[in-house]
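Next comes the sequence, and after it the predicted model I'd like to discuss.
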Amino acid sequence: MINNFPWLTTIIFLPLAGSFLALFFARRPMFCRWTSLWVSLADLFLVAWLFTSNLQRHSWSTGKWLLAEDHPWIESLGIRYSLGLDGISLMLIFLTTFLTVLCILVSWKEINAKVGTFHFFLLFLETSIMGVFLATDLFLFYLFWEIQIIPMFFLIGIWGHEERVYATVKFILFTLAGSLFMLIALTGLYLIHGAKTSLYTFSLYQLIQTPLGFSTELWLYGAFLLAFAIKIPIFPVHTWLPDAHTQAPTAGSVILAGLLLKTGAYALLRFGFPLFPVAARFSVPLLLALGLIGLFYAAWIALAQKDLKRLVAYSSVGHMGIVVIGIAVWNTMTLSGATLQMINHGLTTSALFILVGMLDERVHTREIANFGGFWKKMPGFSAFFLFFAMASLGLPGLNNFVGEFLVLVGTIKTWPLVTWFGFAGLVLTVIYILTVVQKTVFEETRNEKFREQPLADITVREVLILAPLALAVLFIGLHPQPVLDLFEGPVGVLIGFLK
Amino acid sequence: MKTILFFLLFFPFVGGFILAVIGRYLPRRVAEWIACASVLGSLLMASLAFGAAGEKRYLLTLFDWIRVGDLSASMTVYYDHLAAIMALMVTFVSSLIHLYSVSFMRDDRDYVRYFCYMNLFVFSMLVITLADNLVFLYLGWEGVGFCSYILIGFWYSDVANATAGRKAFVLTRIGDVAFGIAIALFFLILDQLSIFSINSKAASLSAGTATLLALLLFWGAVGKSAQLPLIVWLPDAMAGPTPVSALIHAATMVTAGAYLLMRLFPVIALSSNAMVIIAAVAAFTGLFAALAALGQKDIKRILAYSTISQVSYMFLGIGAGDVTGGMYHLLSHAFFKALLFLGAGCVIQALHEEHDIFKMGNLRQRLPAVFWLYLVGSVSLAAIPPFGGFFSKDRILLSTFGHPEPIYKFLALIAEIGAVITVLYTFRMFFVAFLERPSLQEDFRKKDLKIPKFMVWINAPLAILAIFAASLNFPEVFGGKSWLAHYLASIPGGIPLSPASAPLERSMEIGSGLLNIAVLIAAYFLYRPEARFLGRPTPVVFRQRLEELLSSGFYLDRLYQVALVKPYQAMARILWLKVDEGVVDDQFDATANIFRFFSSGLQLWTTGRLSTYLKMLLLGFTAIVSALALGWYYLR
């Protein structure tokens, strides 16, 4: 019964329906907020239900999935509407629906202009991101991949901070440039596969079996990798990220860090490596080096940041470095770790961005130089800040530790030096996180103006946003097994592609 | 047994958790009760477990945690005699310090935060004590690091305090890098993360691997236990409340490093090179810290350096292959150092936050009870026979001296010099702070030296233990029973590699005992009340330069500041502004500019007006979608 209903399509397009509703009633802000909240909650519950319903993998026409859909779409070009759900994508759409709900709650007070349009873009974005996580037809994937840029562009461009135009144009130029190469490579792959097997298809399941010459494979892979690397982002194509994050509204930052970056890493492991195994293996040393550089470089630079939001943005680059290492090493432990780390990073970094947003709402600045002593004024806020900062630096018992640890320990079998450097790199993370915690919640308030002025501690709405995140962080930190078990099957399949 | 160990471990966790979540809404007494009761409950469980276990060892899995591929990190405990003794000590000292804290923190409004962290600390420390799985142990290891960080910076309004906490966390984390790598290597080589299995398989390790692993573990221990060269965080850690210093930075956490090496002794023991390095680092740290203690004026910093020095004797014991000696010293040190710190806490509170021993004095009359308690602690620290510290330290010196390798004779000599200086600095502190100081009499008469009686008397159990710690392991050559040695004989390394002969043992103990007493008498003549006022403002024995050298801890901290911290911060700024926003980002901006140049005809793009971009984008998007729709319509 569960298999016959198009659950995946429902999950993907429910937010889109909601988004049009929001657009339609754009003149009534509260109605938009409530509608969007209910729609996104409904979507979250749908995914949560899939999570708890203990689905089993079985064979579909497009491979082994927990759930799949496959319909002809543009048959003459061999384009199909095919979706597939496995443990990895299940966790990622879980994260997507979860963070979207939080984003709506976060924007409740922050966004007052063009509320309807804002929620339209937010839910539109949710649909496109889930599309990326579920598509198993490369054309469909590419479509979702490109569409997700558009709402993001507007979210930053309209509701962002002072330099939003520069940031959003930079964002779109970077991502478009990358995906342009991907489009070319995708077409190339499609034609080669067609020519060799006389079956013109975009199906991932089919394309994986395309026989490719080494140099062709390398070129195609390079183009894909570039697009993914910009999204992840990997050093040195990360420079759009700090600007985009700093200028985005809180919800934009949460989606950007929590989800958009994940689409890059997800695409690398779902498409990049399996489609081009030989080239991918060839690129492993490069990816490891860039991942490590990202880890060190971003953590080092983060220390010098003056804008709290920019600091969190740089921390993303560092954390994604670990994910890149995990994907590059490509064994059971590191892949599970990297995937888990994607979820973890989505939770902790989102939480940190949300906290920065809450702070911004109160003091109207993000300059660390103005902060300090918030524990005295806002103990609840500060406790959450400390908690998520500790999660971010990888304190055992909280979520990030599990992911980082699996990646680094798993790496030692094939790349012992990377393990050594990786553990060392975590010290740099500790340095900047402790510094910013000290300068924000400890010491005395440095800004004269805030020193006297009382600040309101977090409200019930804000606790409702942060508490679920905190619970998720604790859950993955102390009992990650249900999530890791979900990864076991798909990771095994992925490993098989590179044997 | 599983139930007992479960509650032993999780009582403090539950206490901490309750305080963290609803502590703010509880009446003060209730919050304090929860904190103390949870630790006392743990103590009760530790005693029950100690009684129930007898000669048996237990390997029990409490929870599953992480299981991926071949890796399994479950929350497993390994309860052997070493863990039993350690758990008893940890819960006992923690209980007393929690009770003491109720008194000590009576005027502090942040008591919930304090007790919450303290409870979480005890939990994490018990995890280190009991854990069998190394990843589980690492959970406790980082947990105590976090609690230590947050408690050092407990009075966070002061920049120095918050910085000291951060420094402690970063430096211990530098040590943890090696510990993390060691865990990964154990997984790689032995496919095992269980201490029990590692120890039983250790013999299969090659000598080179064993050396590498031992040194990595040692480096992790060096960070946690503040040995050379990661020494510098502990003196600053004294910024925390005094009971915190007593519990975390003296009795328990800093000894966790030594404890880790004892737990994994079979691995360490495989590598004689690693053993020599451990012993050598320990011996020099001991001397280094003892000298530095001699130059301090702050009573807590003296105790901090003495902690570093005393912990190094535990490492020396391990390096000499005498785990029992190391553990014996760990126990006696826990009692007398907690006693000294808690005594110092009484003194500091009575004198309204005065830390400088040269501004104290006359405490013998003003705080007689504290005087006696402190005296007990001091003689024990100074290793004056027949107090606990004497036998434990001497056993280590003896094992070192008796080691067949010649280099150990030299290390024993260094350690002996350190021991002599220990007597000197201990009694410098004691005489200066407690004996009569006529010039300060007037000042003190005005001050009110009242502290709660409870805060003084709660130290009595520690004093009793410090006095009778000797009986834990009274040497057989003097007709004792060596109870601890027999009890620990079952653990790996419990029996020394090279036991000393009875005549050597007897002559050495008598000799060093007499030497220590002689130094004590000399200290009296150097620092007695009359000696200190021969026309000098402060009773300084050394020249200015030397005094500075010692009080700064041989400028090690400043060296790190100049050579590492400052360049690191400067480099961060350069990397950001010059490299990231400069080279890396400029490339892209330059590329963009080239395009802009070539597309100067398309002036529309450079209007910078958002609405233009949006229109263009919508246009493009619409075009794509319509093309798709058309294609779909015609081609199907």
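Done, it's in. Since the structure is predicted, the reported quantities are computational estimates derived from the model, not experimental observations.

Show me what from the stretch 1-150 of chain B comes close to chain A.
B:20, B:24, B:63-69, B:71, B:135, B:138-139, B:141-143, B:146, B:149-150 (C-beta under 8 Å from any C-beta of the partner chain). Any C-beta I mention is one placed from the backbone N, CA and C, and that applies to glycine too.

Filter the residues you listed down to just the buried residues.
B:20, B:65-66, B:68-69, B:71, B:135, B:138-139, B:141-143, B:146, B:149-150 (16 or more other C-beta atoms under 10 Å in any protein chain shown).

Return the subset of the residues of the stretch 1-150 of chain B next to chain A lying in strands.
Using DSSP state E, B:63, B:64, B:65, B:66, B:67, B:68, B:71 are the members of the residues of the stretch 1-150 of chain B next to chain A that sit in strands.

check contacts around the closest residue to residue B:78 other than its chain neighbours.
Using C-beta to C-beta, 6 or more residues apart in numbering or on different chains and skipping the chain neighbours, the partner closest in space to residue B:78 is residue B:132 (3.4 Å). Residues in contact with residue B:132 (C-beta atoms under 8 Å, 6 or more residues apart in numbering or on different chains) are B:59, B:76, B:77, B:78, B:194, B:195, B:196.

Pull out the buried members of the residues you listed.
Buried members of these, scored by 16+ other C-beta under 10 Å, are B:76, B:77, B:78, B:194, B:195, B:196.

which ones are touching residue B:156?
Each residue near residue B:156 by C-beta under 8 Å, 6+ apart is listed here: A:375, A:438, A:441, A:442, A:443, B:162, B:165.

and those as CSV, adding secondary structure, neighbour count and pLDDT?
CSV is the format used below for the contacts of residue B:156 (DSSP: H, G, I helix; E, B strand; the rest coil; neighbours: other C-beta atoms under 10 Å in any protein chain shown; pLDDT from 0 to 100):
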residue, secondary structure, neighbour count, pLDDT
A:375, helix, 22, 90
A:438, helix, 19, 93
A:441, helix, 25, 91
A:442, coil, 29, 91
A:443, coil, 22, 88
B:162, helix, 28, 92
B:165, helix, 27, 92
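
Out of these, the closest to residue A:154 would be?
residue A:441 (33.9 Å; C-beta to C-beta).

how about the residue nearest to that closest one when sequence neighbours are not counted, secondary structure?
Distances taken as C-beta to C-beta, 6+ apart place residue A:382 nearest to residue A:441, at 4.0 Å, with adjacent residues excluded. With DSSP: H, G, I helix; E, B strand; the rest coil as the basis, residue A:382 sits in helix.

How about residue A:80?
Three-state call for residue A:80 (three-state DSSP): strand.

on that earlier part again, so for the buried ones among the residues of the stretch 1-150 of chain B next to chain A, which is the shakiest by pLDDT?
On pLDDT alone, residue B:69 ranks lowest of those, at 84.

Just list the residues touching that one, thanks.
Residue B:69 makes contact with A:331, A:332, A:333, A:336, A:410 under the criterion C-beta under 8 Å, 6+ apart.

that's a helix at residue A:83, yeah?
No. Checked against three-state DSSP, residue A:83 lies outside a helix; its state is strand.

quick one: low-confidence parts of the chain?
The chain I'm using is chain A. For chain A, residues meeting the criterion pLDDT under 70 lie at A:1-3.

Switch to chain B, please.
Judged by pLDDT under 70, the stretches of chain B that qualify are B:438-448, B:479, B:497-498, B:530-543, B:595-636.

so what are the domain limits for it?
Per automatic domain parsing, the structural domains of chain B span B:271-476+B:483-553, B:555-598, B:604-636.

Kindly compare burial across those and name the winner.
domain B:271-476+B:483-553 (a mean of 21; mean count of other C-beta atoms under 10 Å in any protein chain shown).

quick one: that domain to chain centroid distance?
17 Å (C-alpha atoms, centre = their mean, to the nearest Å).

Just the strands from the chain, written as ranges.
Picked chain A for this. Counting by DSSP E, the strands of chain A are A:58-60, A:63-65, A:67-74, A:79-85.

hm, I was asking about chain B
B:58-68, B:71-79.

by contact count, what packs against the first one?
For strand B:58-68, the packing partners by 3 or more C-beta pairs under 8 Å, 6 or more residues apart in numbering or on different chains; DSSP states H and E come out as helix A:332-363, helix A:399-411, helix A:481-497, helix B:2-22, strand B:71-79, helix B:134-152.
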